[in-house]
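Visitor: Okay, sequence plus prediction incoming.
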Amino acid sequence: MFNTSHRAFVGTSATLFVASTAVTISWCNSMSAMPDMPMPGGWNMSMMWMRMPGQTRPAMATAFLGMWLVMMVAMMLPVLMPMLWRYRRAVALTEHRHIDTLTTLVGAAYFFVWTLFGAIVFLLGTILTSLEMQSLALSRAVPTAIGVIMLACGALQFSAWKAHHLACCRRATPDRCRTLPADLRSAWRHGLRLGLHCVHCCFGLTMLLLVAGVMDLRAMALVTAAISVERLAPSGPRVARLIGVVLVAAGLLLVGYTALA
């Protein structure tokens, strides 16, 4: 019974990953077919931040959050799976009958945190879009700002803050899970804790995705790979610092280029 449940968990997770990835690719291709808006400063604004004709603000927010959640499932499920697997094995020591329900609740709480983060991203994105449309000076400063953000994201990879949350994500071990009661409330709280650590750990790389193009498949694939390697590889902390070196170098080049342009 226990092994059957584990096989069902792996199969369901794989199906969810494939489905969310397929939907994300489809949405990205649909967005890429829409022409971006040329802006002062030599950059293009994605139509994702613009309301379609007849679309209300709540409808726009709902569509964005739906897209964001599916995208996060595709990007984060590879690093969530090992944590859920270890949670299941630990909880199975005391609770067999409701292990699938508890696992589902942990995953739901984890992605609930990411959805809340997506709501903040949407709010800030729409505010910045409105300001950029109204201010010529702000629009011209965007390329330089992107370079500065890239520099900041690279520097963040070397911080104790990043190291702490990365370590918390990497050490979600069975020993840690054994201290959790096998009940719904504890499962939800455990998922929230995992989600909060993950959002903090991935904050810099997520910001990089947002400035590079949240619906750009190449940027999404690179960020997903970076998150997965630093989280799952034995030398993950060293990889995180190496990513920081690359981002700092890229940020310096971009800032220098825009300064000379």
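Guide: Now that the structure is in, tell me what you want to look at. Numbering: from 1, shown residues only.
Visitor: Any regions of the chain where pLDDT drops low?
Guide: 1-3, 93-96, 172-180, 261 (pLDDT under 70).
Visitor: can you pull out the strands in it?
Guide: 37-39, 43-45 (DSSP state E).
Visitor: ok, residues contacting the first one?
Guide: The one in question is strand 37-39. 44-45, 47, 50, 132, 139, 142 (Cβ atoms under 8 Å, 6 or more residues apart in numbering). Every residue, glycine included, has its C-beta placed from N, CA and C.
Visitor: In ChimeraX, how would I select the buried members of those residues?
Guide: In ChimeraX, a selection of the buried entries from those looks like this (16 or more other Cβ atoms under 10 Å):
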select :45,132,139,142
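Visitor: Can you tell me which of the contacts of strand 37-39 end up in helices?
Guide: 132, 139, 142 (DSSP state H).
Visitor: is it true that the first one touches residue 139?
Guide: Yes. Counting by Cβ atoms under 8 Å, residue 139 is a contact partner of residue 132 at 4.8 Å.
Visitor: What's the local residue count around the spatially closest residue to residue 203 that is not a sequence neighbour?
Guide: Leaving aside its sequence neighbours, residue 203 sits nearest to residue 156 (Cβ to Cβ, 6 or more residues apart in numbering; 7.2 Å). As a burial measure, residue 156 scores 18 neighbours (other Cβ atoms under 10 Å).
Visitor: Can you give me the neighbour number for the residue lying closest to residue 41 once chain neighbours are set aside?
Guide: Closest residue in space to residue 41, ignoring its immediate chain neighbours: residue 140 at 4.0 Å, by Cβ to Cβ, 6+ apart. A total of 16 residues lie near residue 140 under the criterion other Cβ under 10 Å.
Visitor: do you know how far residue 140 is from residue 19?
Guide: 42 Å (Cβ to Cβ, to the nearest Å).
Visitor: can you map out the helices along the chain?
Guide: 2-32, 57-91, 99-134, 136-156, 160-170, 174-177, 184-201, 203-213, 217-232, 236-260.
Visitor: Same list (those helices) but as TSV, adding distance to residue 38.
Guide: As requested, those are arranged in TSV below (distance: least, Cβ to Cβ, whole Å):
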stretch	distance to residue 38
helix 2-32	16
helix 57-91	22
helix 99-134	12
helix 136-156	10
helix 160-170	36
helix 174-177	51
helix 184-201	33
helix 203-213	15
helix 217-232	20
helix 236-260	16
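Visitor: now for those, which one comes closest to residue 40?
Guide: Residue 40 sits nearest to helix 136-156 of all the helices of the chain, at 4.5 Å, using Cβ to Cβ.
Visitor: Now tell me what touches the closest one from outside.
Guide: By Cβ under 8 Å, 6+ apart, helix 136-156 touches 39-43, 131-133, 162, 203-205, 207-208, 211, 243-255, 257-259, 261.
Visitor: Now with 6 Å, please.
Guide: 39-41, 43, 131-132, 162, 204, 207-208, 211, 244, 247-248, 250-251, 254-255, 258 (Cβ atoms under 6 Å, 6 or more residues apart in numbering).
Visitor: a markdown table please, covering the strands of the chain and showing distance to residue 195.
Guide: A markdown table is the format used below for those (distance: least, Cβ to Cβ, whole Å):
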| stretch | distance to residue 195 |
| --- | --- |
| strand 37-39 | 34 |
| strand 43-45 | 30 |
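Visitor: out of those strands, nearest to residue 183?
Guide: strand 43-45 (47.6 Å).
Visitor: picking that back up, so which of the strands of the chain is nearest residue 102?
Guide: Across the strands of the chain, closest to residue 102 is strand 43-45 (Cβ to Cβ), at 43.6 Å.
Visitor: strand partners of that closest one, parallel vs antiparallel please.
Guide: strand 37-39 (antiparallel) (DSSP bridges).
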